[in-house]
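Enquirer: Got a sequence here, can you build the structure:
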Amino acid sequence: FDPVAGPPPEDLPKDCACGEVNTRGRATCRGCRRRLKRLSRYEIWLLALIRSYLGERYGVKLGARYADVLRWLPSMRPYPKRADGYEDFIWAVYAVTHVVYTLNGYGTYKLSPRWLPDEYEFLKDSLDELIDLEDADAVGEALDSLKSFGLSDRHALTRRGSDFLLASQNADGSWGDCEAADAYDRYHPTLTAVNGLRDYSWKERRIVFPKLLPELKRWARGG
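Expert: Numbering: from 1, shown residues only. Below you'll find the model as predicted:
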């Protein structure tokens, strides 16, 4: 995926179970000839948002500039619903929460829903679906992001999300599968659940990269 050349692709295969890494567009593994599954373009975009943001904040270009990755935001709309397929839906949720994180400095600044109206509504519409899926990791990120948009703890949606997280906490205080082999599946749900539940003392309403704000406003108007 080269964000300078085009949007997140729909023909990038997942790594095969045999360990072979296949090139874009392949339908079968060149190593074992198994049928390949495709990566969601929202997962590809999510990873690019994170890496380009971290590189830019650190001062090292990790393949692309953050602005080059973010510029595809209008083409990712409208976001898929759960009924359209779980893979695209859940990766779209994580992609949108990371649009929020990479613009608000991971909880540093408050955002205006007017800057990202489609993303704000998508997260609001998706929260009940995530609760129904009993996905504490995604619920935590969605709540965290909605609070950044100004949704208060008194809002009915926020209360439902918070009640779910409190009810799904493990006996040891964590969230997620305590027996998961991958440590990520143990610590990350705990991190996001805590972030979704906590109160913030926002510095101000702004984005990390102020030069991108005019673009956000233009896209919000359908530009």
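Enquirer: which secondary structure element contains the spatially most central residue of the chain?
Expert: The centre of the chain sits closest to residue 94, judged by C-alpha atoms, centre = their mean, with a distance of 2.2 Å. Taking DSSP states H and E as the definition, one finds residue 94 inside helix 86-104.
Enquirer: Can you show me the CA trace of that helix as CSV?
Expert: Extracted as CSV, the C-alpha positions of helix 86-104 are listed here (Å, rounded to 0.1, in the frame of the first residue of the first chain):
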residue,chain,number,x,y,z
TYR,A,86,-17.9,-8.8,10.4
GLU,A,87,-14.3,-8.3,9.1
ASP,A,88,-14.9,-5.0,7.4
PHE,A,89,-17.1,-3.8,10.2
ILE,A,90,-14.7,-4.4,13.1
TRP,A,91,-11.7,-3.2,11.2
ALA,A,92,-13.6,0.0,10.2
VAL,A,93,-14.4,0.6,13.9
TYR,A,94,-10.7,0.3,14.8
ALA,A,95,-9.7,2.4,11.8
VAL,A,96,-12.1,5.2,12.9
THR,A,97,-11.0,5.1,16.5
HIS,A,98,-7.4,5.5,15.3
VAL,A,99,-8.4,8.4,13.1
VAL,A,100,-9.5,9.9,16.4
TYR,A,101,-6.4,8.9,18.3
THR,A,102,-3.9,10.1,15.7
LEU,A,103,-5.7,13.4,15.5
ASN,A,104,-6.2,14.0,19.2
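Enquirer: What residues of it count as buried?
Expert: 88-104 (16 or more other C-beta atoms under 10 Å). Every C-beta, even on glycine, is put in place using the N, C-alpha and C of the backbone.
Enquirer: Can you report how many residues lie near the nearest residue to residue 31 once chain neighbours are set aside?
Expert: Spatial nearest neighbour of residue 31, chain neighbours left out: residue 20 (3.5 Å); criterion: C-beta to C-beta, 6 or more residues apart in numbering. By other C-beta atoms under 10 Å, 16 other residues sit near residue 20.
Enquirer: Assess the claim that residue 20 and residue 34 are in contact.
Expert: No. Between residue 20 and residue 34 there is no contact under C-beta atoms under 8 Å: 9.0 Å.
Enquirer: on that earlier part again, which elements pack onto the helix holding residue 94?
Expert: Under the contact criterion of 3 or more C-beta pairs under 8 Å, 6 or more residues apart in numbering; DSSP states H and E, helix 86-104 touches helix 41-58, helix 66-70, helix 73-76, helix 117-132, helix 136-148.
Enquirer: dump the residue contacts of residue 38.
Expert: Each residue near residue 38 by C-beta atoms under 8 Å, 6 or more residues apart in numbering is listed here: 10-14.
Enquirer: Nearest to residue 124 among those residues?
Expert: Set against residue 124, the nearest of these by C-beta to C-beta is residue 10 (26.6 Å).
Enquirer: Now stretch 29-39: buried residues?
Expert: Buried residues in stretch 29-39 (16+ other C-beta under 10 Å): 29, 36, 38-39.
Enquirer: oh sorry, the question was meant for stretch 154-161
Expert: 157-158, 161.
Enquirer: What of stretch 136-156?
Expert: 136-149, 151.
Enquirer: Which members of those are the farthest-apart pair?
Expert: 136 and 149 (20.6 Å).
Enquirer: just how off-centre is stretch 2-15 within its chain?
Expert: Distance, stretch centre to chain centre, for stretch 2-15: 17 Å (C-alpha atoms, centre = their mean, to the nearest Å).
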